[in-house]
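S.K.: structural data only, the sequence is not supplied:
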């Protein structure tokens, strides 16, 4: 009994010493435990424990200290970067280690070149981020393993993962490094019809475009477009779209952006970019081509090349009709109307404004409808078609004070009211002129004089409208200083009123005064046009 008390406890399979409740296990119990695992697969089957191992005493402190002496503690004092480098070298990935080392050295050199006055100098180093180091280690090792196996597609995909990752972490210098590495690797891939090379150029271009490097992006998009154009069989995206169309869409967008950047400084270069955009847009779809025509039309109109503007606006009009784009159709009509007005081709301008009015009415676009009605009323008023002009301006004013009352500024409403009143006044003036002409017996001199008077009234009203718009806009932009002496302006106002009151009747009397009997030879004396001096004194 004394001897059994000094024996060491038997180690069980449950991780402790003794039986299920801390007691010792018999030989039969041990064999039963062993047989319980005998049916397990060889890979999962535990190794049988010998009786000697089961009766082995607990390890003492000296044993544990001896085991710790055999552990390599050299890496425990190193940082994450050094540890990652050691792990790469232990796996035999010398190429991956060199890549990581070069990245660290490049960042150090860039920081020193930027100097301490630059914000880049204080950006955290790559080696200080364990997450970035871990991703670099994982994909650089995978790329090197793929290169050893001759699997260049694995190399490409690993480098692409790193490029996407560093683009998300906003490390553009690293994303550019791996995007360019993808392009170099893609050229080594055989049997894919250069598709990976085209994708690599697209990825680089998209990255450049996102950072505002549009000219560099256009070069890589052009390379992508050329590779896709000569691909046989054609390339398709995962969604089934032809990559030629994808590349053309990229180029049309980038060339448009380049044109917008240089338009104010160099309109000729901007138009050349828009021409390139139109060329590529033809390979995309009808709406994209129509928008390219619209941009070119607007650009030519800004440079006063109205014939070219009309050509492109007409093309835009046709593309919108093909694609049933009412919004684009309205824009095309408005552009054509502006160009025709600039060329003083009034009837063509009115025709396009009538189409614009129909489209706006059909689509319930009241804002566009009021714009069309206002322009139509002004043109018809100018051409002497007063009754039609009154109808259009009345509809415009009714919309602005009705359905659009909460969307239109008071200035716009007052302008519409003024235009309507002016046109309505012209209706009455025309009626008076007709009556006077009948009273005067249709004499040519009196008719010419009355026509001059009406033309002067038209011109004067246009000048007053323009002056009122400029004054209102200036008043909105800045508050005028208060007049310390209001009485100082009173004489000027009274003088203007007196001048207007005193000169109005005389001016009309001079124009309509009936001269003496006509000459005996029957010829009619031609009335002289109203002079500039008379213009200044007329009401």
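M.R.: Right, received. Where do you want to start? All values reported here derive from a predicted model rather than from experimental measurement.
S.K.: from now on I want contacts and neighbour counts done on CA atoms only, so please keep to that.
M.R.: OK.
S.K.: report the central residue of the protein.
M.R.: Residue closest to the average C-alpha location in the chain (Cα atoms, centre = their mean): residue 257, at 8.6 Å.
S.K.: wait, residue 155 touches residue 146, no?
M.R.: Yes. Residue 155 is within contact range of residue 146, at 5.5 Å (criterion: Cα atoms under 8 Å).
S.K.: these two - which one has more neighbours?
M.R.: The residue with the greater number of neighbours, taking residue 155 and residue 146 and applying other Cα atoms under 10 Å, is residue 155; the counts read 25 against 18.
S.K.: tell me who's in contact with that one.
M.R.: 142, 143, 144, 146, 147, 185 (Cα atoms under 8 Å, 6 or more residues apart in numbering).
S.K.: make it 7 Å
M.R.: By Cα atoms under 7 Å, 6 or more residues apart in numbering, the contact list for residue 155 reads 143, 146, 147.
S.K.: next one: stretch 233-250 to chain centre, how far?
M.R.: Offset of stretch 233-250 from its chain centre (Cα atoms, centre = their mean, to the nearest Å): 22 Å.
S.K.: what's the answer for stretch 107-117, then?
M.R.: For stretch 107-117, the distance from its own C-alpha centre to the chain's C-alpha centre is 34 Å (Cα atoms, centre = their mean).
S.K.: equivalent analysis for stretch 392-405, please.
M.R.: Relative to its chain's centre, stretch 392-405 lies at 34 Å (Cα atoms, centre = their mean).
S.K.: how many residues are close by residue 457?
M.R.: Residue crowding around residue 457 was assessed by other Cα under 10 Å; the count is 18.
S.K.: name the helix or strand for the residue lying closest to residue 333 once chain neighbours are set aside, please.
M.R.: If you skip the residues right next to it in sequence, residue 333 has residue 352 as its closest partner in space, 5.2 Å away by Cα to Cα, 6 or more residues apart in numbering. The secondary structure element spanning residue 352 is helix 346-362 (assigned by DSSP states H and E).
S.K.: helices or strands up against that helix?
M.R.: In terms of contact count using 3 or more Cα pairs under 7 Å, 6 or more residues apart in numbering; DSSP states H and E, helix 346-362 is assigned the packing partners helix 326-342, helix 366-382.
S.K.: can you name the residues in contact with it?
M.R.: With Cα under 7 Å, 6+ apart as the contact definition, helix 346-362 has outside contacts at 326, 330, 333-334, 336-337, 340-341, 366, 368-369, 372-373, 376.
S.K.: avg pLDDT for that helix?
M.R.: On average, the pLDDT along helix 346-362 is 92.
S.K.: all the helices of the stretch 351-500 of the chain, in order from the start?
M.R.: 366-382, 386-401, 410-439, 444-477, 490-512 (DSSP state H, counting those that start in this stretch).
S.K.: follow-up on the earlier one: let me see the contact set for the closest residue to the residue nearest to the centre of the chain other than its chain neighbours.
M.R.: The spatial neighbour of residue 257 that comes closest, neighbours along the chain excluded (Cα to Cα, 6+ apart), is residue 214 at 7.6 Å. Under the criterion of Cα under 7 Å, 6+ apart, the neighbours of residue 214 are 208, 254, 258.
S.K.: now swap in residue 319 and tell me
M.R.: Contacts of residue 319 by Cα under 7 Å, 6+ apart are 286, 287, 290.
S.K.: ditto for residue 189
M.R.: For residue 189, counting by Cα under 7 Å, 6+ apart, the contacting residues are 152, 153.
S.K.: if we go to 8 Å?
M.R.: Residue 189 is in contact with 152, 153, 196, counting by Cα under 8 Å, 6+ apart.
S.K.: and which of these is nearest to residue 396?
M.R.: Sorting those by distance to residue 396 puts residue 196 at the head of the list, at 58.6 Å, by Cα to Cα.
S.K.: so which helix or strand takes in residue 117?
M.R.: With DSSP H and E as the test, residue 117 turns up in no helix or strand.
S.K.: what's the neighbour count on it?
M.R.: The burial count assigned to residue 117 is 8, neighbours taken as other Cα under 10 Å.
S.K.: got it, and residue 196?
M.R.: 20.
S.K.: quick check: closest non-adjacent residue to it.
M.R.: Once its chain neighbours are removed from consideration, residue 196 has its nearest residue in residue 186; the separation is 5.4 Å (Cα to Cα, 6+ apart).
S.K.: now that neighbour: how far from residue 192?
M.R.: Plainly put, residue 186 is 9 Å away from residue 192 if you go by Cα to Cα, to the nearest Å.
S.K.: again with residue 178
M.R.: 21 Å.
S.K.: what's the answer for residue 411, then?
M.R.: Computed with Cα to Cα, the distance linking residue 411 and residue 192 is 65 Å.
S.K.: of those two, give the one with the bigger neighbour count.
M.R.: The residue with more neighbours, out of residue 411 and residue 192, is residue 411; 12 against 9, by other Cα under 10 Å.
S.K.: in contact with that one, which residues?
M.R.: Contact criterion Cα under 8 Å, 6+ apart gives residue 472 as the residues in contact with residue 411.
S.K.: and it, what pLDDT?
M.R.: Looking at residue 411 specifically, the model assigns a pLDDT of 75.
S.K.: from now on call the first residue 11
M.R.: OK, 11 is where the count begins now, so the last one is residue 421.
S.K.: which residue is the nearest non-sequential neighbour of residue 187?
M.R.: In space, residue 187 comes closest to residue 173 once its chain neighbours are excluded; the distance is 7.6 Å by Cα to Cα, 6+ apart.
S.K.: check residue 258 too.
M.R.: Distances taken as Cα to Cα, 6+ apart place residue 290 nearest to residue 258, at 5.0 Å, with adjacent residues excluded.
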